[in-house]
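> using only what follows, build the 3D model:
(one chain, ligands or ions: 2)
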Amino acid sequence: MNILAIETSCDETAISIIRTDTFNTPTPNFTVLSNLVISQINVHAEYGGVFPALAKREHAKNLVPLLEQALREANVYQDGSHDVDDTLLENILEREPTLYQALKNLFASIERPRIDMVMVTYGPGLAPALWVGVNFARALSIAWNIPIVPVNHMEGHITSILLKDDYMNESEALLPLDQYIFPMLALLVSGGHTQLVLVRDWCTYEIIGETLDDAVGEAFDKTARMLGMEYPGGPKISQAALEGKENESINLPRPMIHSEGYNFSFSGLKTSVRYLVEELEQKNELNEQTINDIAREFEHAVADVLLAKTCKAIETYTIRGLIVAGGVSANTFLTASFKEKMNEYSIPLYIPETTLCGDNSLMIATAGFIQYWRNKTTVSESELVAVGNLKL
Ligand code: KG4
Ligand code: ZN
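Ligands and ions are numbered 1, 2, ... in the order given. Purely as a prediction, here's the structure:
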């Protein structure tokens with residue numbers, strides 16, 4: 001079976017094609033035939049964050065060229081043409097005229113490719129962005145008469161840890177699904193989410209804590225902006241923090257570190273950075289070194305809070321493995337802090353391969369695979385909708 005996976009929940013347009021010959025084993029062969037991502041960072045940088053209408057437009061522009069390239073890389077591309085019910089297609093892509101035209105042109109220039117199933121992110125994320133991917137999947141489902149597996153983006157991040165480091169060169173790119181001992185805990189840290197999730201089994205999740213305001217990635221991005229760094233600020237802060245030193249006059253709070261339960265709050269941290277910046281500006285002490293010092297202290301504050309709540313949950317729920325995933329799991333200071341702590345606890349720590357920390361469609365193929373392995377359910381084109389605030 002060749003499976004096409006699509007991700008458009010935020011500012012990355014991603015398409016992959018994987019091949020498997022069975023859904024009936026926890027140790028499947030799983031070959032990555034193509035894995036493509038177009039990042040819209042440059043488009044959004046001047047707005048200092050993701051602009052939903054622009055994200056939608058960029059996804060609509062990028063999807064067909066990406067699909068074409070993925071089909072070529074997967075060796076299922078052949079010149080020719082195939083007939084598709086144009087009225088149906090036009091209806092589905094009514095709100096995506098650019099996408100409709102591009103897809104129609106593609107169908108008129110290739111043979112029907114051997115794709116047997118489509119998996120797509122249907123939430124959570126920016127609704128206009130999600131809808132483009134969802135409608136694209138619906139159109140392909142109708143055109144090629146293939147079923148759809150809808151995928152939760154957060155389950156994608158959780159399962160991104162299952163891809164081997166060498167995933168592009170392996171016929172068994174997926175780690176054995178039966179080697180994990182439950183319950184596991186997943187700390188999901190991205191631009192839109194900060195959640196502690198109890199993973200009782202694959203497909204069985206319970207959110208035990210989440211942010212009450214800003215997500216960690218969002219706090220990184222907003223703090224970076226105050227320090228004069230471009231969007232997305234996460235990688236820039238972590239770069240600056242490397243040059244930062246301990247500085248007596250630069251102290252940030254650890255919000256909610258001792259609070260009951262497992263929720264987080266990061267908006268106060270951002271406000272504290274603002275006061276700190278204003279104070280240093282007044283004293284004429286805001287310079288490259290103090291900016292690096294703030295970046296360092298910010299990373300420490302974030303890591304302290306995330307670690308404290310995670311450790312509390314590990315002890316309470318007798319956790320057997322910790323997953324740290326989502327865009328912010330690319331932060332090496334954070335992951336080093338978790339590695340050290342999990343060594344103390346003798347608990348395995350699972351972090352995605354660096355190239356799969358941010359949004360991608362391979363994690364959507366992985367989560368979709370697991371869903372179908374467990375539940376064997378698909379939906380038809382007419383049943384699929386985007387759900388911006390979808391929960392795990
Ligand atoms: O998972 P992701 O790619 O998209 C969402 O689903 O939101 O996460 C993006 C977030 C951004 O806020 C970005 O600044 C942050 O991940 N990020 C980082 C690092 N790399 C990306 N934050 C801290 N350190 C990094 N190295
Ligand atoms: Zn994400």
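> got the contact list for whichever residue of the stretch 101-250 of the chain sits closest to ligand 2?
Proximity to ligand 2, evaluated over the stretch 101-250 of the chain using CB to the ion, is greatest for S190 at 4.2 Å. Backbone N, C-alpha and C define where each C-beta goes, glycine included. Applying CB atoms under 8 Å, 6 or more residues apart in numbering, one finds that S190 lies in contact with 157, 215-217, 326-328.
> would you turn those residues into TSV with distance to ligand 1?
Formatted as TSV, the contacts of S190 follow (distance: CB to the nearest ligand atom, whole Å):
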residue	distance to ligand 1
H157	6
A215	7
V216	7
G217	3
G326	5
G327	2
V328	4
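> just give me the closest of those residues to T13.
G327 (15.6 Å; CB to CB).
> count of neighbours near that closest one?
Residues lying near G327 (other CB atoms under 10 Å) number 25.
> again, but for D214
Neighbours of D214 under the rule other CB under 10 Å: 22.
> likewise L242?
As a burial measure, L242 scores 12 neighbours (other CB under 10 Å).
> go on, Q289?
Neighbours of Q289 under the rule other CB under 10 Å: 13.
> right, and it touches I250 too?
No - counting by CB atoms under 8 Å, Q289 stays clear of I250, with 10.4 Å between them.
> and E206, backbone torsions?
Backbone geometry at E206, expressed as degrees, to the nearest 10, gives phi -140, psi 120.
> now it: closest residue in space, sequence neighbours ignored.
L198 (4.4 Å; CB to CB, 6 or more residues apart in numbering).
> circling back: which residue packs closest to the residue of the stretch 101-250 of the chain closest to ligand 2, ignoring adjacent ones?
Nearest residue to S190 in three dimensions, chain neighbours excluded: G326, at 3.5 Å (CB to CB, 6+ apart).
> and for A74?
Of all residues not flanking A74 in the chain, L33 sits nearest, at 3.6 Å (CB to CB, 6+ apart).
> quick one on the thing from earlier: which ones are touching the residue nearest to E206?
Going by CB under 8 Å, 6+ apart, L198 touches 183, 185, 205-208, 313, 317.
> filter those down to the buried ones.
185, 205, 207-208, 313, 317 (16 or more other CB atoms under 10 Å).
> between these, which sits nearest I41?
The nearest member of the buried ones among the contacts of L198 to I41, counting by CB to CB, is I207 at 28.6 Å.
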